[in-house]
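Peer 1: Just need the structure, nothing else, for what follows:
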Amino acid sequence: MTGALAGATAPERRTQLERIERLLRERTVANQQFFAAESERLARLCHTMAERFARDGRLVALGATPAARSDARHVAVEFVHPVIVGKRALPAIGLAAEGGDLAAQAELVSRPEDIVIAFGTDVDGGAAARALAAARRRGCLTIAFGSAGAEWELEPPSHDPYIRQELIETLYHVLWELVHVFFEHRGLLAGRGQRTLHDAGASSFLYPFLAEQEDELGPVLDDVRRSALMKAEEVGALRAQTLTDNADALLGAAQALRSGFELGGQLLALGNGGSATDAMDVVADFSSPERGVARTALDLTQDTGIITAIANDVGTELIFARQVIAYGRAGDALLALSTSGNSGNVIEALAEGRRRGLQTIAMVGYGGGRVAAGGLADHVIVTCSEHIPRIQEAQASAYHVLRDLVG
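Peer 2: Numbers count the residues shown, from 1 in each chain. Sure, this is the predicted structure:
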């Protein structure tokens, strides 16, 4: 048990553990229901998106609220910077409220072949819905997670905003992973004309199967449907591992955060790539009063001027550590998100945080990496996977549960 839990009585600890179990159970049920209901539609949506991308369409992601902004940025990162070896980068743009009215931005940016996906349509006062309407007038394919006037609407079976966000994150990761299947079966993409799947050239007599025509969409769609269900099952198991194996670490981190906040401390959050957008989400959640007291939280990934200045003049290893020096005080807390647990700039920031008396919390995958092996944070939550999308989805559950525990 972590030192931060030393003052908790046995009944208090049991109550807290039961709360984590309940939060996990709610997520497990919603995850199973959502993907069982939507897997067939997801397969067809992947195919439709692939056709758009094949015609030089782009993904345009919209988010007006702070939490929705994190998802818009996250999905754009995943499509542009694929972490699956051998997969192509796909054009994606994230539009958020800092750029002005979303509908006006959509009018300027969107093109007829684009795919427009909107987040937070149930809580943003109609901002994203108006942008979707503008995109539909352009001829864009539109996607939303609730009733917002989109062609494709996928409604998570939960009213809990944290559970909804976690299901939506898994869904757009699945879209990103499985849209690539149809690039491997390009004969199934409309608008490209009839052609062979592979051109083996002069060696075609050796590999006749490489020149086969593709005209059976049904079996590929079924493969994609089953793959979506497998990915949902995988994240369900990984979420259970993350919340169960790390229950004491989560309780210790929650108590440390609560104590710091009560003394006027703040939370600093950071990460790279998709984990940077998760840091955005952490800060949005802690800054909001919807799940407890609004807490002071700073996103060390948001100021590109500061980040690029440090990266250019000093080096990328220090882009977060220099900000910890600038903002961190004894009694504050630092939450670092890393899928590998090995990122140099994350490790530098954790070390700087410790030198300055901050409570350090790390959420890491790949068995923990250097962060867990070296005990480089006071509270380490380890997700035991090497699959980056699933790690990030389980980490989202972990920091949402952490927010609920802090109150």
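
Peer 1: Which other helices and strands does whatever helix or strand residue 30 lives in contact?
Peer 2: Assigned by DSSP states H and E, residue 30 belongs to helix 10-54. Where contact means 3 or more CB pairs under 8 Å, 6 or more residues apart in numbering; DSSP states H and E, helix 10-54 is packed against strand 115-119, strand 141-144, helix 161-179, helix 217-245, helix 247-262, helix 388-406. In short, each C-beta sits where N, CA and C put it, glycine included.

Peer 1: Looking at those, spot the one closest to residue 380.
Peer 2: Residue 380 sits nearest to helix 247-262 of all these, at 6.1 Å, using CB to CB.

Peer 1: after the closest one comes which helix or strand?
Peer 2: Next along the chain after helix 247-262, taking DSSP H and E as the criterion, comes strand 267-271.

Peer 1: what bits of the stretch 201-350 of the chain have low per-residue confidence?
Peer 2: Scanning the stretch 201-350 of the chain with the threshold set as pLDDT under 70 gives 201-215.

Peer 1: average model confidence for the helix holding residue 30?
Peer 2: Here helix 10-54 scores 96 as its mean pLDDT.

Peer 1: what sits up against stretch 277-292?
Peer 2: Stretch 277-292 is touched from outside by 65-67, 69-71, 73-74, 77, 161-162, 165, 267, 269-271, 294-302, 335, 337, 392, 395-396, 399-400, 403-404, 406-407, with contacts defined as CB atoms under 8 Å, 6 or more residues apart in numbering.

Peer 1: Tell me the spacing between residue 154 and residue 221.
Peer 2: Per CB to CB, to the nearest Å, residue 154 is found 17 Å from residue 221.

Peer 1: Name the residues of stretch 137-144 that come out as buried.
Peer 2: Of the residues in stretch 137-144, 138, 140-144 count as buried by neighbour count, 16 or more other CB atoms under 10 Å.

Peer 1: Just give the strands next to the next helix or strand after the helix holding residue 30 in its sheet, each with its orientation.
Peer 2: Downstream of helix 10-54, the first helix or strand assigned by DSSP H and E is strand 59-63. Next to strand 59-63 in the sheet, as set by DSSP bridges, lie strand 92-96 (parallel), strand 115-119 (parallel).

Peer 1: And the first one, how far out from the chain middle?
Peer 2: If I follow you right, that is strand 92-96. Centroid separation for strand 92-96 versus its chain: 14 Å, with CA atoms, centre = their mean, to the nearest Å.

Peer 1: can you give me the angle it makes with helix 161-179?
Peer 2: Per axes from the mean of the first three to the mean of the last three CA atoms, to 10 degrees, the angle that strand 92-96 makes with helix 161-179 is 160 degrees.

Peer 1: Okay, angle between strand 92-96 and helix 10-54 too, please.
Peer 2: 120 degrees.

Peer 1: Give me the buried positions along stretch 110-128.
Peer 2: Residues of stretch 110-128 classed as buried under the neighbour-count rule (16+ other CB under 10 Å) are 110, 113-124, 127-128.

Peer 1: Residue 38 reaches residue 152, doesn't it?
Peer 2: No - using CB atoms under 8 Å as the test, residue 38 is too far from residue 152 to be in contact (10.1 Å).

Peer 1: Look at the two and report which has more neighbours.
Peer 2: residue 38 (22 against 17; other CB atoms under 10 Å).

Peer 1: how about TSV for the helices and strands packed on helix 10-54, with distance to residue 314 added?
Peer 2: As requested, these are arranged in TSV below (distance: least, CB to CB, whole Å):
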stretch	distance to residue 314
strand 115-119	34
strand 141-144	40
helix 161-179	33
helix 217-245	34
helix 247-262	28
helix 388-406	27
